[in-house]
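Asker: Output the structure for:
(chains A and B)
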Amino acid sequence: MIEFVSGISVFCFVASYLVALACEASRLVFRSGVRGAAMIAFAAAGLFAHTLFLVWRAATEQAVPLSSAFDWYLIAAWVLAGGYLWLAIANPRTPVGLFMLPVVLGLIGAAEFSSRQPFPQSPATQVWGAIHGSFNLAASVAVAIGAIAGLMWLIQAGRLARKQAPLRGFRMPSLEKLTQTSGRTLSVAAWTASAGFVSGIVLNAVNLQRELLETVPWTDPVVLRMGAMVVWLVIAAAVSRAVSRRPEASRITAWLTLVSFAVLTASILLGIFGATRHGVPPAMPAAAAIDSEAAL
Amino acid sequence: MTLAFIGGSHRTVPLDLRERLVFSAEQAAEALKRFRLRFPGREGVLLSTCNRVEFYAAGENTAVPPPREQLLAFLAECRGIDVRLLEPVLSGECDEAAVRHLFCVASGLDSMVLGEPQIVSQVKQAWAIAQESKTTGPLTGEMFQAALRTAKRVTSETAIGRERLSIPSVAVADFARGVFERFEDKRVLVIGAGKMAAETLRYLRESGAHDIVLVNRTSVRAEQLAFRLGAKIGRFETLQAELTSADLIVSTTGATEIVVSLELFQRAEARRDGRPLVVLDLAVPRDFDPRIGSRPGVWLYSIEDLTAACAANRKNRQRELPAAIAIIEEESRRFMGDLHHRSTTPVIKQLRAGWTETGDAELDRLFRRLPTLDATAQIEIRQAFDRYAAKLLHSPLATLRSESHSGPPHGLLDALKRLFDLKD
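Answerer: Alright, predicted model coming up:
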């Protein structure tokens, strides 16, 4: 059993998700009686392998479990993959995988480019580190779900405006449901991103005060970027709420969620390829810190 | 000939004649009983719907199905119609063509509305009546089972029955449902008391709508319809207020001018708090100013839009036709192959029996000559003989089976009979 679990690689669940995505895409081309079951089977197999992979890493890594940038991205992907599986079972006629699985695969891709080195932590700051990472994870997942709902809203609204019957195999949820989802996730993203940012500040301040670990400069690109993202999400949530009694509210919210996702994507890319002191072990010089950044 | 059918549908039989030709369930049972007495040993199933009357007959060997003329005369006699009236409008087919026709009918490919699903239950009902009338048998049994299986395949493997074709169903399922997740908490405003409004409301009610207000210029008609639909009555004079509180509007007045102008709508819009609004303008000429459809949060569909969507759906169904026909061809061929193979069964049985008899006789003689053989050895030798016979027979039987796919293998059967001296 241990041999089996230790043999699971990222490739195993990526391949399963890719097959599930191909099944989703094939809805647009042909009908099949067994595709739904095959799609769910592959997604479930992928999620199972993904879970075992994370459990194995949590059990075998020396440092605090799942505390590297690599693990962080994989957990975000795992949460979204779980959400996809649930939605695919609950709404078998909605091609939600066409929207969610690329995000899942994108996050796994980001993980592959990220450091597997655990973030430096001391017992005193461990709790704050976990809070910081969890809130940022929740914010990122909320932004991704919101953007998926927003994109689906725009596609559905376009179809309804063109007065076309739904495409075969491409039946979207109602505008009402998509509006609710995108609006709520935007609020959740604003709150959790703010909490993640504040907890990051506390974490850094504790490190600074107790001289436990090397602190992240307040002008570090990650800090500035995260701050900018929090500001953007708060503004977006506020705008969405402010216009909620206007007829254009749903459309505005849909666009806000998409822009938020673009901001998140840019932040992730800059995090992966930019230089930072965030999440870098004290011994490592700043120049070698590329790729070792925690999410956001 | 083993299978035959005669019948006509909306394509060939004029409505007035179809009305006279149609059988009620009781009349169908009576006709089948008469068929059983007239043509003993034959099987028969009568399929009668508002769009078609078809009689399927089957029989084998000495009881082959009656020829077309006799079936035609039988149907005419049952319904008291001059046979000369039916002669030009009822067509007949036999064997594979009859099977293919039944499969097409059961799959809805021959229906007035392509792919309509009700025909499946009508075919089942026809079969049940024939069973009760004791006119079914192995041939019609297999044929109708295969027809229902084919219909199921066509439904699950193609989208021929998926797209909606009626304007009210498209309006509700494809458009209103695209905007609203649920209708239980939505207010439905009906302007006018047209027939299309009643039909659309039926779909909305099925979807959960219950807060329905009906406004009409003449209150008597509105009251009648409101009573029938369980809707509240609103006053036409307070239309602006009704527009403010409505989430979905179905409009079907007979007015010759616009009923809801852009100005009137804009006054109502200001108090709507940005709630989305779906308008199904089913009136001709239109009740709503088309410019209202450009307002944010308003989804306005005219009868023209909905007709276009219905036509697109109809086209989609047509597009599925080749796939459905391919399934029917495949199932027809398989059914006929199995049927032809059935005709070889007596010869195969005789052949096997002859070989077994000869083998057993030889073995008995052998065991008498070798009395020292124990029971285990005897069993082993008997099994070896059986395997030997089965291997020798395998090749001719496989050839028979493969030949059956392209028709009854009369030539091969005759050859086998002559070679092995088999009797009919």
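Asker: near chain B, which residues of the stretch 101-250 of chain A?
Answerer: The stretch 101-250 of chain A comes close to chain B at residues A:156, A:159-161, A:163-166, A:168, A:172-177, A:243-250, as judged by C-beta under 8 Å from any C-beta of the partner chain. All C-beta atoms are positioned from the backbone trio N, CA, C, and that covers glycine.
Asker: now do 6 Å
Answerer: A:160, A:163, A:165-166, A:168, A:174-177, A:245-249 (C-beta under 6 Å from any C-beta of the partner chain).
Asker: chain center to the strand or helix carrying residue B:328: distance?
Answerer: Following DSSP states H and E, one finds residue B:328 within helix B:321-369. Chain-centre distance of helix B:321-369: 33 Å, with C-alpha atoms, centre = their mean, to the nearest Å.
Asker: That helix and chain A, any residue contact?
Answerer: No: on the criterion C-beta under 6 Å from any C-beta, helix B:321-369 is out of touch with chain A, staying 8.5 Å away.
Asker: Following element in sequence after that helix, please.
Answerer: On the C-terminal side of helix B:321-369, the nearest following helix or strand under DSSP H and E is helix B:375-404.
Asker: Any regions of the stretch 1-150 of chain A where pLDDT drops low?
Answerer: Applying pLDDT under 70 to the stretch 1-150 of chain A picks out residues A:62-66, A:120-124.
Asker: ok, which stretches of the stretch 51-200 of chain A are strands?
Answerer: Using DSSP state E, counting those that start in this stretch, no strands are assigned anywhere in the stretch 51-200 of chain A.
Asker: do the same with chain B
Answerer: For chain B, applying DSSP state E gives strands covering B:3-9, B:43-48, B:52-58, B:91-94, B:187-191, B:211-215, B:232-233, B:248-251, B:277-281, B:298-302.
Asker: Can you tell me how far residue A:146 is from residue A:91?
Answerer: Between residue A:146 and residue A:91 the computed distance is 18 Å (C-beta to C-beta, to the nearest Å).
Asker: pLDDT wise, what is residue 164 at?
Answerer: Using chain A here. On pLDDT, residue A:164 comes in at 87.
Asker: Oops, wrong one, chain B.
Answerer: You'll see residue B:164 listed with a pLDDT of 74.
Asker: just residue A:288 next, same as before
Answerer: pLDDT, read off for residue A:288, is 41.
Asker: returning to that earlier point: average model confidence for the helix holding residue B:328?
Answerer: 88.
Asker: what helix or strand does the one residue in chain A that gets nearest to chain B sit in?
Answerer: Going by C-beta to the nearest C-beta, chain B is nearest to residue A:247 of chain A, at 3.1 Å. Of the helices and strands defined by DSSP H and E, none includes residue A:247.
Asker: still on that earlier bit, so which two of the residues of the stretch 101-250 of chain A next to chain B are the farthest from each other?
Answerer: Maximum pairwise distance among those (C-beta to C-beta): 36.5 Å, between A:168 and A:245.
Asker: If you count surrounding residues, which of these two has more?
Answerer: Between residue A:168 and residue A:245, residue A:168 has the larger neighbour count (other C-beta atoms under 10 Å in any protein chain shown), namely 17 against 11.
Asker: ok, now how distant is that one from residue B:311?
Answerer: 16 Å.
Asker: for the stretch 101-250 of chain A, what spans make up the helices?
Answerer: Counting by DSSP state H, counting those that start in this stretch, one finds helices in the stretch 101-250 of chain A at the ranges A:126-161, A:175-210, A:221-242, A:249-273.
Asker: Which elements pack onto the shortest one?
Answerer: Spelled out, it's helix A:221-242. Contacts defined by 3 or more C-beta pairs under 6 Å, 6 or more residues apart in numbering or on different chains; DSSP states H and E place helix A:221-242 against helix A:175-210, helix A:249-273.
Asker: now those as a markdown table including mean pLDDT and mean neighbour count?
Answerer: Formatted as a markdown table, the helices and strands packed on helix A:221-242 follow (pLDDT from 0 to 100; neighbours: other C-beta atoms under 10 Å in any protein chain shown):
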| stretch | mean pLDDT | mean neighbour count |
| --- | --- | --- |
| helix A:175-210 | 89 | 20 |
| helix A:249-273 | 91 | 20 |
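Asker: residues contacting the most centrally placed residue in chain A?
Answerer: Per C-alpha atoms, centre = their mean, the C-alpha nearest to the average position across chain A is that of residue A:141, at 3.9 Å. Residues near residue A:141 by C-beta atoms under 6 Å, 6 or more residues apart in numbering or on different chains: A:76, A:79.
Asker: what's around the residue lying closest to residue A:50 once chain neighbours are set aside, how many residues?
Answerer: In this structure, residue A:50 finds its nearest non-sequential neighbour in residue A:13, 4.2 Å apart by C-beta to C-beta, 6 or more residues apart in numbering or on different chains. If you count neighbours by other C-beta under 10 Å, residue A:13 ends up with 28.
Asker: care to break the chain down by domain?
Answerer: Since you didn't name a chain, this refers to chain A. What automatic domain parsing lists as the domains of chain A is A:1-108, A:119-296.
Asker: Can you look at chain B instead?
Answerer: The record's domain split for chain B, according to automatic domain parsing, is B:3-161, B:167-304, B:338-420.
Asker: need the ones you listed in JSON lines with distance to residue A:208, can you?
Answerer: Shown next, in JSON lines, are these (distance: least, C-beta to C-beta, whole Å):
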{"stretch": "domain B:3-161", "distance to residue A:208": "64"}
{"stretch": "domain B:167-304", "distance to residue A:208": "47"}
{"stretch": "domain B:338-420", "distance to residue A:208": "84"}
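Asker: Out of those, which is closest to residue A:182?
Answerer: domain B:167-304 (13.7 Å).
Asker: Number of residues surrounding residue B:296?
Answerer: Using other C-beta under 10 Å: residue B:296 sits among 14 other residues.
Asker: Pretty sure it sits against residue A:249.
Answerer: No: look at residue B:296 against residue A:249 with C-beta atoms under 6 Å: they stay out of range, at 9.0 Å.
Asker: ok and the residue in chain B nearest chain A?
Answerer: Closest to chain A within chain B is residue B:297: 3.1 Å, counting by C-beta to the nearest C-beta.
Asker: ok, now which ones touch that residue?
Answerer: Counting by C-beta under 6 Å, 6+ apart, residue B:297 touches A:247, B:276.
Asker: Quick check: phi and psi at the residue of chain A positioned farthest from its centre.
Answerer: Relative to the centre of chain A, and counting by C-alpha atoms, centre = their mean, the farthest-placed residue is residue A:163 at 33.9 Å. Residue A:163 has phi and psi values of phi 60, psi 40 when expressed as degrees, to the nearest 10.
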